[in-house]
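[1] My questions concern the predicted model and sequence given below.
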Amino acid sequence: MEMLLLLFTFVLAIFLGFELISKVPSQLHTPLMSGSNAISGISIVGALMAAGLAEDSKLGIALGLIAVICASINVFGGYLVTHRMLSMFKTKGGDR
Amino acid sequence: MNTIIVLAYIVSSILFIFGLKMLSKATTAARGNQISAVGMLIAIVATLLYNGMDYKWIVLGMVIGGGIGTIAAIRVPMTSMPEFVALFNGTGGLASMLVGWVEYNKALGTSNIHELVPMIAIYLAILIGGVTFTGSMIAYAKLAERIDGKPFLYRGQQVVNALVLIVLVAAGVFYIAFPETVATLPAFYLALVLSLMLGVLVTIPIGGADMPVVISLLNSYSGLAACAAGFVISNTVLIVAGSLVGASGIILTNIMCKAMNRSLGHVLFSGFGAAGGTSASAQAEAGEVKAITAEDAYYVLEAASSVVFVPGYGMAVAQAQHAVRELGELLESNGAEVKYAVHPVAGRMPGHMNVLLAEANVPYEQLVEMDDINPTIENVDVCVVIGANDVVNPAAREDESSPIYGMPIINVDLARSCFVLKRSMRSGFAGVENPLFFKENTRMLFGDAKASLVALIDQFKGS
């Protein structure tokens, strides 16, 4: 039953994703991509649980640690790079 | 406590949804990114509240990974943005794959190994995560020019890929269906290694100019990998955030494919470019190439009342975006109307040119999209093509036998005159001759794009 609920969530979220973004100006293609890339760093949640609940398994600890490192690179790098990019987009009358 | 965690996940899912929505509008994009970052922070903090968490490895990992990510994000030059987006994408995929691996390792020797659905989810997390990881690494290497950016094709490529895929599926079916034999663990590792291999195999045949499609597709995969990892650990926020990214990545991929008038399947499996090269170059073009010096070009530009710059990947290579903006400003103060026309697939990632021009402080009112410039291009005095080739190739409109026939292009050949800044007469990525160079109203300004622009700027300043 739990799996079915997760499946339900998944299907709804996919549809939501398609509805959410309809027309994107080409100006924002890169930020949208790197911003959503940062969101895919959500796998950090799984990585944290793997590293934090590995107990005594050496392989578990090693894999969990690498997973946390990778996911953190994705999250920190992704958000910061997107922020840097977006702060470059300025209008003529704006704070150039 | 677990109720609080789940409620926090709901909050962060909502923030991701709003963040993504806002990211797709110019006025709210920066805000949207911050909101989604807050969502991520909430998800991370909530996860740390689980009972029995051992923080020492978590802290170590986050310090190392966060440090690397932060430093890379601050130091990366805007011209290297495509490869870094690929790199960050790959690390996300690897993390999802490792989550699958860890969970399989935990399930070994327990009754969980018999549970069908979680085992399939583990298989998918490893498959999609692995393909995302190695595929992104190949994309990174191609973009950073660590390896040749050309399509890598060999005889029997499709057969090899198909074989890998079949063994990959068979290994998966085996270790899921027979969880307690001596061959179970080897089958698991075989599937894992083949997943990584598959990422390499499907990315190497794809050429440089198709990279915008590949990068946005890999971006979508990284979301789906997170989603699969969510099914592995029964975690809703992973599933929601992962599917949002997966869906938005597919939309972006679609936009890129449309801009090239090609189907996704064609981009992934055709190895475009290497094949089209010989036939196209064989047909010699009538007409001659007319070169122009910077001085003569200056006189034309000086008299022009409307100028449109059309940048391409060559502008990124020559790092010429600042010189372009400087010349644009000089032309404006000379009384000309200056615009920058950007083709959706110019460059190596979606929106590549927009990022570079923004870095050079070009105000975005001056950027126009292909569909907006084409109807009025006959009234433009001078189009200046900077390192773009296939996206301005009139063969896409006129020559039905051309491999790029049907691709929407910026019709620079219809402008009153057209300058092409180009290093040599080498054909573009598609290996297709560009009839634009032979047109009556086209003049070639040979040399490094940046050097040519600086020469023009000097002419303006000297006058």
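    Cool, got the structure.

[2] what number of residues lie near residue B:440?
    Residue B:440: 8 surrounding residues under other C-beta atoms under 10 Å in any protein chain shown. All C-beta spots, glycine's among them, are computed from the backbone N, C-alpha and C.

[3] Look up how far residue B:49 lies from it.
    Distance, residue B:440 to residue B:49, by C-beta to C-beta, to the nearest Å: 71 Å.

[4] And for residue B:460?
    Distance, residue B:460 to residue B:49, using C-beta to C-beta: 62 Å.

[5] more neighbours, these two?
    Under the criterion of other C-beta under 10 Å, the comparison of residue B:460 against residue B:49 puts residue B:460 first, with 17 against 12.

[6] these two touch, right, the more buried one and residue B:302?
    Yes - when contacts are counted by C-beta atoms under 8 Å, residue B:460 is listed as touching residue B:302 (7.4 Å).

[7] what sits in contact with each of the two?
    Common contact partners of residue B:460 and residue B:302 (C-beta atoms under 8 Å, 6 or more residues apart in numbering or on different chains): residue B:334.

[8] buried sites along the helix or strand where residue A:68 lies?
    Using DSSP states H and E, residue A:68 sits in helix A:58-72. Within helix A:58-72, the residues scored as buried using 16 or more other C-beta atoms under 10 Å in any protein chain shown are A:60, A:61, A:63, A:64, A:65, A:66, A:67, A:68, A:69, A:70, A:71, A:72.

[9] Equivalent analysis for stretch B:160-174, please.
    Applying 16+ other C-beta under 10 Å to stretch B:160-174 flags B:161, B:164, B:168, B:171, B:172, B:174 as buried.

[10] show me the contacts for residue B:323.
    Residue B:323 makes contact with B:449, B:450, B:453, B:454, B:457, according to C-beta under 8 Å, 6+ apart.

[11] Which residue, other than its chain neighbours, is closest to it?
    Excluding the flanking residues, the one nearest residue B:323 by C-beta to C-beta, 6 or more residues apart in numbering or on different chains is residue B:453, at 3.8 Å.

[12] rewinding a little: show me which of the buried residues of helix A:58-72 neighbour chain B.
    By C-beta under 8 Å from any C-beta of the partner chain, the members of the buried residues of helix A:58-72 lying near chain B are A:60, A:61, A:63, A:64, A:65, A:66, A:67, A:68, A:69, A:70, A:71, A:72.

[13] my guess is the fifth one meets residue B:56, correct?
    It refers to residue A:65. No - counting by C-beta under 8 Å, residue A:65 does not reach residue B:56; the two are 9.8 Å apart.

[14] quick one: buried residues of the lengthiest helix in chain A?
    Counting residues, the longest helix found in chain A (DSSP state H) is helix A:2-20. By 16+ other C-beta under 10 Å, the buried positions in helix A:2-20 come out as A:6, A:9, A:10, A:13, A:14, A:16, A:17, A:18, A:20.

[15] Leaving out chain neighbours, which residue sits closest to the fourth one?
    Read that as residue A:13. Residue A:13's closest residue in space is residue B:243 (C-beta to C-beta, 6+ apart), at 3.8 Å.

[16] hmm, back to that, save the buried residues of helix A:2-20 as a markdown table, and put in pLDDT too.
    Listed next are the buried residues of helix A:2-20 as a markdown table, based on pLDDT from 0 to 100:
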| residue | pLDDT |
| --- | --- |
| A:6 | 93 |
| A:9 | 94 |
| A:10 | 95 |
| A:13 | 94 |
| A:14 | 94 |
| A:16 | 93 |
| A:17 | 91 |
| A:18 | 90 |
| A:20 | 87 |
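
[17] so which two of those residues are the farthest from each other?
    For these, the maximum inter-member distance is 20.3 Å, found between A:6 and A:20 (C-beta to C-beta).

[18] Okay, and the residue nearest to residue B:323 sits in which element?
    Element membership of residue B:453, judged by DSSP H and E, is helix B:449-462.

[19] ok, now which ones touch residue 14?
    Because you didn't say which chain, this covers chain A. Residue A:14 sits next to B:243, B:246, B:247 when contact means C-beta under 8 Å, 6+ apart.

[20] Can you look at chain B instead?
    Going by C-beta under 8 Å, 6+ apart, residue B:14 touches residue B:39.

[21] Using CSV, write out every CA atom in whichever strand or helix holds it.
    Per DSSP H and E: residue B:14 is located in helix B:2-23. Presented in CSV, the C-alpha positions along helix B:2-23 are these (Å, rounded to 0.1, in the frame of the first residue of the first chain):
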residue,chain,number,x,y,z
ASN,B,2,8.7,11.5,12.4
THR,B,3,5.5,13.5,11.9
ILE,B,4,7.5,16.7,12.1
ILE,B,5,10.0,15.4,9.5
VAL,B,6,7.2,14.5,7.1
LEU,B,7,5.5,17.9,7.6
ALA,B,8,8.9,19.6,6.9
TYR,B,9,9.2,17.6,3.7
ILE,B,10,5.8,18.9,2.6
VAL,B,11,6.9,22.4,3.3
SER,B,12,10.1,21.9,1.3
SER,B,13,8.2,20.3,-1.6
ILE,B,14,5.9,23.4,-1.8
LEU,B,15,9.0,25.6,-1.8
PHE,B,16,10.5,23.6,-4.7
ILE,B,17,7.3,24.0,-6.6
PHE,B,18,7.2,27.7,-6.1
GLY,B,19,10.9,28.0,-6.7
LEU,B,20,10.7,26.2,-10.0
LYS,B,21,7.7,28.2,-11.1
MET,B,22,9.4,31.5,-10.4
LEU,B,23,12.6,30.3,-12.1
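
[22] Right, I'll leave it there.
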